[in-house]
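K.L.:
Quick check, what structure comes out for this input:
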Amino acid sequence: MSSFVTKQMSMAELYIDKVKSKAMQGWINGLIGVVLFSGSLPATRCAVLEFDPMFVTLARATIAGILALVALLVFKEKRPSKEQFRSLIIVALGVVFGFPLLSALALQHITSAYSIVFLGVLPVSTAVFAIVRGGERPKPIFWMFSAIGSLLVVGYAIAQGGTTSPIGTLLMLGAIVLCGLGYAEGGKLTKSLGGWQVISWALVISLPVMLPLFFIYTPASFEGISIAAWGSLAYVALFSMFLGFIFWYNGLAQGGIATVGQLQLLQPFLALVLAAWLLHETVSIGMLGVTAGVILCVIGTKRFAK
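P.N.:
Sure, this is the predicted structure:
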């Protein structure tokens, strides 16, 4: 009897160690994903200074879609069900087309440092759509934190007056809404479809639309395009659109959406550092203050989400 109990305890300990190891791997993958995402807006800003925003959007989706198709074929992944296919369309509209296009258009009118302020609202946007799609019922205080965070961003944008573009601000707000929708739907779908498969299938089902449009919007000449612009386009296609999502969705699947999702709180700070370092853009005290305030509100929404 004693040996049986000892064996059961050993098996339990091995299971706990396995769970802890999986959770830690989820945090690592999630952190890598956030770091890769942090370069998205500065790289997009650099690319749209020389490329048309529509071309940037289509090029990044097409390149990433081809890579995703190869990965799905190599690993012989089974096709999604009809229900999963509908969710994948939502993911594609949010993170393959909506956010890349609207943010690229916005970055023609605003700096990447200013656009990064809006990233502080992204976790709230994701949480709101997770509530809508998942049927959760948060406490009223959740909505208080969410409203304060949104008002901080809107108030900061209004306070800039003529120094910023209203069009750029509205486009960036729309980008955040669609990205939150894509993150929430992708996080839910990860539970049944798998981590990296979600973004891969979303990219592949977008290819029949993206590929023809890519050739239509390809410039007649690339003369005068700098290495920095080409490098930025390669970054958003390879890292922001494909590899970043593989780490991110794997992290969500391994460590849990609610816990690993909090790593998004690091993204505005990392992105502001990159904007100042790579693009030599001014990061004002106001930007840092608003970003910090929004992050505190996001922590509150995470605390009272359920």
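K.L.:
Was I right to think residue 104 contacts residue 44?
P.N.:
Yes: Residue 104 sits in contact with residue 44 when judged by Cβ atoms under 8 Å, with a separation of 5.5 Å. Heads up, the C-betas are built off the backbone N, CA and C, glycines and all.
K.L.:
shared neighbours of those two, which are they?
P.N.:
Counting by Cβ atoms under 8 Å, 6 or more residues apart in numbering, the contacts common to residue 104 and residue 44 are residue 56.
K.L.:
Okay, residue 173 and residue 266: tell me how far apart.
P.N.:
Between residue 173 and residue 266 the computed distance is 22 Å (Cβ to Cβ, to the nearest Å).
K.L.:
Who has more neighbours out of these two?
P.N.:
Counted by other Cβ atoms under 10 Å, residue 173 and residue 266 do not tie: residue 173 has more neighbours, with 19 against 16.
K.L.:
Which helix or which strand is home to that one?
P.N.:
Residue 173 is part of helix 166-193, with elements assigned from DSSP states H and E.
K.L.:
what does residue 147 give?
P.N.:
Assigned by DSSP H and E, residue 147 belongs to helix 140-159.
K.L.:
Tell me the buried residues in stretch 119-136?
P.N.:
Burial within stretch 119-136, assessed by neighbour count using 16 or more other Cβ atoms under 10 Å, is assigned to 119-131, 133.
K.L.:
any chance of those in a markdown table, with pLDDT too?
P.N.:
Putting the buried residues of stretch 119-136 into a markdown table (pLDDT from 0 to 100) gives the following:
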| residue | pLDDT |
| --- | --- |
| 119 | 81 |
| 120 | 74 |
| 121 | 79 |
| 122 | 81 |
| 123 | 75 |
| 124 | 78 |
| 125 | 82 |
| 126 | 77 |
| 127 | 75 |
| 128 | 80 |
| 129 | 83 |
| 130 | 76 |
| 131 | 77 |
| 133 | 73 |
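K.L.:
Would you check how far apart residue 197 and residue 175 are?
P.N.:
Taking Cβ to Cβ as the measure, residue 197 falls 25 Å from residue 175.
K.L.:
Can you find the helix or strand in this protein with the smallest mean pLDDT?
P.N.:
Lowest on mean pLDDT, DSSP states H and E among the helices and strands of the chain sits helix 257-260, with a mean of 64.
K.L.:
wait, doesn't residue 188 sit right on residue 132?
P.N.:
No: in this structure, residue 188 is not within contact of residue 132 by Cβ under 8 Å, at 10.9 Å.
K.L.:
Of the buried residues of stretch 119-136, which is the nearest to residue 270?
P.N.:
Here the nearest of those to residue 270, counting by Cβ to Cβ, is residue 119; it sits at 9.5 Å.
K.L.:
List the contacts of the closest one.
P.N.:
Residues counted as contacts of residue 119 (Cβ under 8 Å, 6+ apart) are 41, 176, 264, 267, 268, 271, 291.
K.L.:
any idea which helix or strand comes after the helix holding residue 173?
P.N.:
Next along the chain after helix 166-193, taking DSSP H and E as the criterion, comes helix 195-217.
K.L.:
looking only at pLDDT, what's the mean for that following helix?
P.N.:
Taken as a whole, helix 195-217 has a mean pLDDT of 94.
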